[in-house]
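>>> generate coordinates for the sequence data below:
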Amino acid sequence: MIAMPHLARKTGTLLTTLMLGAAVIGLSSMSQTASANPLGLAQNGSGGLEVESDNGIEWRRNEQVLIARGNAVAKRGTSRVDADELQALYRDRDGNSEIYRIIATGNVKLSSDTDVAVGDRAVYDIDEAVVVLTGENLKYTTPSETLTARDSLEYWETERVAVARGDAVAVSEDRTLRGDVLTARFDAGQAGANELRRIDGQGNVNIRTATEFVVGDQGVYDAKTGIATLIGSVKITRGENQLNGDRAVVDLNTGVSRLMADANGDGKTRVRGLLVPQKDENNSPADAGTGN
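As a prediction, the model looks like this:
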């Protein structure tokens, strides 16, 4: 059974708290085999899901949904979801009530001790341990990285993967990678914190160094080595100069880029380029060879 809500006064504001004790079975069974995970509402911590709101909680038994409105918060362990409204959908399983989805709308913020993700709407699938954010100004931040998108942001807890779709931008320290879709893959670091391992880019992938702009159809950035590899219709632009090829390897530590071409039908490779001579104001091309 789901416990009925109880009311409490806190700093002069009516605070409604609902402890979903019966949801412990469905949620905690996943956390027994998973380590702490930033934004890991489905995995992070033990015990049930705690829901709070300023304007009360509506319990629709026939629809099997709880609706919290007004500065609504759902918490478990060190992970939480804040929104104007939260809906917790539950089902009956083996005589117990089990939450399987949370829908957050309005000023949505998912957070932990280290990571934060924001959007206008979020759907949290507890079974799959994945959350999808949509709306304006989508952003996911870690202590070292920022990931933004136009269409949607996804976070997959078990795989430790964040996916940004639509004009996606990833900033890691002073390095920026752009693409239609960017997939950031993390490893579990100290105390379960996310440490960036690599970023995969699909569609209009580009990366900028201090001197060059590199663009390709696909790309992979290795956060451990600082090397980005772009493939497919690759262009490297430096000032007015441009080189075209099939593959580029960009060392973001040194700023050095290497452009390569794949073998064509005759077994040869070729890199094409347009090099524009720099103008010398004291001796322009028009004056070359005239003397003074």
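>>> buried stuff in the helix or strand where G70 lies?
Per DSSP states H and E, G70 falls inside strand 65-76. By 16 or more other C-beta atoms under 10 Å, the buried positions in strand 65-76 come out as 65-69, 71-76. From N, CA and C alone the C-beta is placed, and that goes for glycine too.
>>> can you get me a residue count around V181?
Using other C-beta atoms under 10 Å, V181 is surrounded by 19 other residues.
>>> now do the contacts for it.
Applying C-beta atoms under 8 Å, 6 or more residues apart in numbering to V181 gives the contacts 163-166, 168, 201-203.
>>> state the phi and psi torsions of it.
phi -140, psi 130 (degrees, to the nearest 10).
>>> and it, what's its pLDDT?
Note for V181: predicted pLDDT of 98.
>>> for it, list each beta-bridge partner.
Under DSSP bridges, the beta-bridge partners of V181 are R165, Q202.
>>> swap in V123?
Where V123 sits in a bridge, its partners, by DSSP bridges, are I103, V132.
>>> which regions of the protein lie under the pLDDT threshold?
1-36, 43-47, 263-292 (pLDDT under 70).
>>> in whatever helix or strand V234 lives in, what's buried?
Per DSSP H and E, V234 falls inside strand 227-238. For strand 227-238, the buried set under the neighbour-count rule, 16+ other C-beta under 10 Å, comprises 228-231, 234-237.
>>> how about the strands in the stretch 51-200 of the chain?
Counting by DSSP state E, counting those that start in this stretch, the segments of the stretch 51-200 of the chain that form strands are 57-60, 65-76, 79-93, 96-111, 116-125, 130-134, 138-141, 145-149, 152-156, 161-172, 175-188, 194-208.
>>> give me the buried positions along the fifth one.
Spelled out, that is strand 116-125. Neighbour-count burial for strand 116-125 [16+ other C-beta under 10 Å]: 117-122, 124.
>>> as CSV, the contacts of V181 with neighbour count would be great.
Formatted as CSV, the contacts of V181 follow (neighbours: other C-beta atoms under 10 Å):
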residue, neighbour count
V163, 21
A164, 28
R165, 20
G166, 13
A168, 29
G201, 26
Q202, 15
G203, 14
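>>> go through those residues and name the one nearest D180.
G203 (3.1 Å; C-beta to C-beta).
>>> gap between the nearest residue to that closest one once chain neighbours are set aside and V205?
Leaving aside its sequence neighbours, G203 sits nearest to D180 (C-beta to C-beta, 6 or more residues apart in numbering; 3.1 Å). From D180 over to V205 the distance is 8 Å, taken as C-beta to C-beta, to the nearest Å.
>>> ok, the two, which is more surrounded?
In this view D180 and V205 are compared by other C-beta under 10 Å, and V205 has more residues nearby, 28 against 18.
>>> wait, the more buried one touches G179, no?
Yes. V205 is within contact range of G179, at 4.1 Å (criterion: C-beta atoms under 8 Å).
>>> related to what we said a few turns ago, what angle sits between the strand holding G70 and strand 116-125?
If you take axes from the mean of the first three to the mean of the last three C-alpha atoms, to 10 degrees, strand 65-76 sits at 130 degrees to strand 116-125.
>>> centre of the chain to strand 65-76, how far?
The chain centre lies 24 Å from the centre of strand 65-76; the measure is C-alpha atoms, centre = their mean, to the nearest Å.
>>> stretch 130-144 now?
The answer for stretch 130-144 is 6 Å, by C-alpha atoms, centre = their mean.
>>> try stretch 180-190
On C-alpha atoms, centre = their mean, the centre of stretch 180-190 falls 7 Å from the chain's centre.
>>> give the buried residues for that stretch.
180-186.
>>> what's the answer for stretch 50-68, then?
Under 16+ other C-beta under 10 Å, the buried positions of stretch 50-68 are 51-53, 56-57, 64-68.
>>> farthest pair within these?
E52 and Q64, at 20.4 Å, using C-beta to C-beta across those.
>>> check contacts around N107.
82-84, 120.
>>> one more: T176?
Neighbours of T176 in contact, by C-beta under 8 Å, 6+ apart: 169-170, 207-208.
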